[in-house]
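Participant: The following comprises the amino acid sequence and a computationally predicted model.
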Amino acid sequence: MTSSIPLGHQPPCLAPQPPQQLRDGDALKRRPIIFLYVDPETGFEYVFSQIFRGLAYIHTAPGVCHRDLNHKIFWYVDPLTHQCKLCDFGSAKILVKGEANISYICSRYYRAPELIFGATEYTSSIDIWSAGCVLAELLLGQPLFPGENSVDQLVEIIKVLGTPTREEIRCMNPNYTDFRFPQIKAHPWHKVFHKRMPPEAIDLASRLLQYSPSLRCTALEACAHPLFNELREPNARLPNGRPLPPLFNFKQ
């Protein structure tokens, strides 16, 4: 592929060939996954299954919240096995219930709405929102919520999800009392994304991008989403025909 994909927040870049067509490991190594050409046959499910398994691990045992998930911190490592790694834990923190945290955190396009509403007691669900933004960006070829500042960021979110209800605002930040928002209806998800996009991917994005943090699916629940059903088949293969590597052994 040689067409340019304008991402808005970066200079236009060339969309590379699907992973199976890239033979130069150095060319693929450390390339943000968001620049991969999106097609049902390129196997982006393999990437996101790893993302959610990684998030499930850090969210569960150590209780770590990454707090800065964006399209730049997921890197391919092995072009043959499609292995990618979660990087850049400079903003990560073990979240303790009842302990205040900074709300001005996470790259703007991927910032959860509760952070925009100034919440200081939040959960790892802010990572889930960010992962949903990355998935949406991969499907669209551009950021879903390209706000120019915090206020504009909320406007971009409302354009898609509609105006949050008072209850949803309370769920995001119970201390927020300004409810003066224009009433905008939610934009149907099937109209947000292209019709050719896998319906399972669109459904997963809709489950990740919920106003109420408690209504977003967890990373472990995302791993069990139908989008990844093919990976659980006994004879599942990578797009290049190679067997799935051990990291896809769901029995472990």
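Facilitator: All right, it came through fine. Numbers count the residues shown, from 1 in each chain.

Participant: hey, where'd the helices end up in the stretch 151-252 of the chain?
Facilitator: Ranges of helices in the stretch 151-252 of the chain, per DSSP state H, counting those that start in this stretch, are 166-172, 189-192, 199-208, 219-223.

Participant: show me where pLDDT drops low in the stretch 51-200 of the chain?
Facilitator: Across the stretch 51-200 of the chain, the ranges flagged by pLDDT under 70 are 75-77, 79, 195.

Participant: Ser124 versus Lys97, what's the distance?
Facilitator: Distance of Lys97 to Ser124, computed by CB to CB, to the nearest Å: 12 Å. Using the backbone N, CA and C atoms, a C-beta is placed for each residue, glycine as well.

Participant: So between these two, which is more surrounded?
Facilitator: For Lys97 versus Ser124, the count of surrounding residues by other CB atoms under 10 Å is larger for Ser124: 22 against 7.

Participant: Was I right to think that one contacts Pro62?
Facilitator: No: Ser124 is beyond contact range of Pro62, at 10.6 Å (criterion: CB atoms under 8 Å).

Participant: Which one of the helices of the stretch 151-252 of the chain lies nearest to Ala119?
Facilitator: Closest to Ala119 of these is helix 166-172 (CB to CB; 6.0 Å).

Participant: which residues are contacting that closest one?
Facilitator: Helix 166-172 has contacts (CB atoms under 8 Å, 6 or more residues apart in numbering) with Pro113, Glu114, Phe117, Ala119, Pro164, Tyr176, Phe179, Tyr211, Ser212, Pro213, Ser214.

Participant: at 7 Å instead, please
Facilitator: By CB atoms under 7 Å, 6 or more residues apart in numbering, the surrounding residues in contact with helix 166-172 are Pro113, Glu114, Phe117, Ala119, Tyr176, Phe179, Tyr211, Ser212, Pro213, Ser214.

Participant: any chance of these in CSV, with neighbour count too?
Facilitator: Formatted as CSV, the contacts of helix 166-172 follow (neighbours: other CB atoms under 10 Å):
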residue, neighbour count
Pro113, 25
Glu114, 25
Phe117, 23
Ala119, 22
Tyr176, 15
Phe179, 11
Tyr211, 23
Ser212, 17
Pro213, 20
Ser214, 8
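
Participant: For those residues, which two are the farthest from each other?
Facilitator: Greatest spatial distance among those (CB to CB): Phe179 and Ser214, at 19.8 Å.

Participant: how about the strands of the stretch 51-200 of the chain, start to end?
Facilitator: Residue ranges of the strands in the stretch 51-200 of the chain, as given by DSSP state E, counting those that start in this stretch, are 64-65, 74-78, 83-86, 93-94.

Participant: returning to what we had before: in a markdown table, list the helices of the stretch 151-252 of the chain along with distance to Trp129 and mean neighbour count.
Facilitator: Below are the helices of the stretch 151-252 of the chain laid out as a markdown table (distance: least, CB to CB, whole Å; neighbours: other CB atoms under 10 Å):
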| stretch | distance to Trp129 | mean neighbour count |
| --- | --- | --- |
| helix 166-172 | 11 | 17 |
| helix 189-192 | 15 | 15 |
| helix 199-208 | 7 | 19 |
| helix 219-223 | 12 | 20 |
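
Participant: quick one: which of those is nearest Lys85?
Facilitator: helix 219-223 (15.6 Å).
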